[in-house]
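Student: build me a model:
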Amino acid sequence: MNWHDWQHALLEAIADPAQQPAAAEWGLNPAGLAVYRNNYRVGLIDTLAHSHPVCRELVGEEFFAALAREYVKGQPSVSGNLHVYGSGFADFIAGFEHCRELPYLADVARLEWAIHRCYYAQDAASLDISALGAVPQEQWGQLTFIPLPDVALCQARSPAVSIWRAHQDHGPLEGILQRPPEDALVYREHGAVQVKALARRDYAFYASLFDGLPLAEAADNAQTLDEAFDLQAALLGLFQPPLLASFHLQPDASS
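Tutor: Modelled structure (predicted):
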């Protein structure tokens with residue numbers, strides 16, 4: 001076994017206890033591996049606690065540690081950058097039997113992951129609104145946009161934004177859980193991550209745009225949900241604060 005293969009085998013043995021018998025054949029000490037494996041898991045659990053502090057507060061330290069431990073068992077880290085670990089934690093919570101009585105927890109975890117991702121996203125120049133001046137107004141419906149790396153959307157079945165904010169202010173949850181679902185826009189502004197609750201129509205508009213649909217289709221999707229959708233206000237919201245990195249003019253399918 002060459003050095004590269006030995007390193008790979010070591011990492012697999014640390015991440016997966018099932019590899020321990022084979023590890024002994026490779027000359028790896030089982031007792032030493034147990035120490036490394038424990039440190040590895042504790043590190044990943046601490047990483048999840050760092051990126052999901054409100055979830056930890058909601059369920060308590062002990063329950064969160066057990067929940068994170070179960071996630072870590074099936075989801076080893078695939079990168080040396082721990083900031084990217086935990087992308088599937090919200091989906092895991094949504095399907096975890098012991099979280100069934102906490103239907104809002106997965107939504108809060110999804111929101112916290114978006115906040116975490118936006119905080120550590122790379123810097124990028126925002127789209128200068130004056131660049132749109134070169135596009136004839138009659139072609140605006142064909143515009144497609146790419147959001148900045150530090151912008152994200154979260155759809156929820158619970159008042160996730162209000163729950164998250166209550167914990168930022170250390171306020172009570174009394175009455176909050178009875179509020180309607182809150183989708184969210186998450187973005188970074190001047191180095192700080194901001195969270196804005198969105199009406200379903202506005203979420204539909206942003207989600208359509210960020211999925212690459214042209215402006216006209218995105219507006220139609222929002223208006224289908226609510227005829228009172230204000231396109232002008234929604235367009236202003238794309239630039240104040242800046243959410244876009246670039247745009248592209250789709251060819252007119254009718255021409």
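Student: what mean pLDDT does stretch 55-74 have?
Tutor: Over the span of stretch 55-74, the pLDDT mean works out to 94.
Student: buried sites along that stretch?
Tutor: Applying a neighbour-count criterion of 16 or more other Cβ atoms under 10 Å, one finds 55-56, 58-59, 64-65, 67-68, 71-72 buried in stretch 55-74. Just so you know, the C-beta spots here come from the backbone N, C-alpha and C atoms, and that holds for glycine as well.
Student: lowest average confidence, helix or strand, in the chain?
Tutor: For the chain, counting by mean pLDDT, DSSP states H and E, helix 3-15 ranks last in confidence among helices and strands (a mean of 54).
Student: which of the buried residues of stretch 55-74 sit farthest apart?
Tutor: By the measure Cβ to Cβ, 58 and 72 form the most distant pair in the buried residues of stretch 55-74, at 19.2 Å.
Student: isn't residue 161 up against residue 203?
Tutor: No. Contact criterion Cβ atoms under 8 Å: residue 161 and residue 203 do not qualify, at 11.5 Å.
Student: of the two, who's got more company?
Tutor: residue 161 (25 against 22; other Cβ atoms under 10 Å).
Student: so what's the more buried one up against?
Tutor: 111, 182, 184, 195-197 (Cβ atoms under 8 Å, 6 or more residues apart in numbering).
Student: do residue 70 as well
Tutor: 92, 96.
Student: hmm, residue 195 is touching residue 184, no?
Tutor: Yes. Applying Cβ under 8 Å, one finds residue 195 in contact with residue 184, separated by 5.7 Å.
Student: list the residues that contact both of those two?
Tutor: 111, 161.
Student: if we can go back for a sec, show me how to select, in PyMOL, the buried members of the contacts of residue 161.
Tutor: To isolate the buried ones among the contacts of residue 161 in PyMOL, judged by 16+ other Cβ under 10 Å, type:
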select buried, resi 111+182+184+195+197
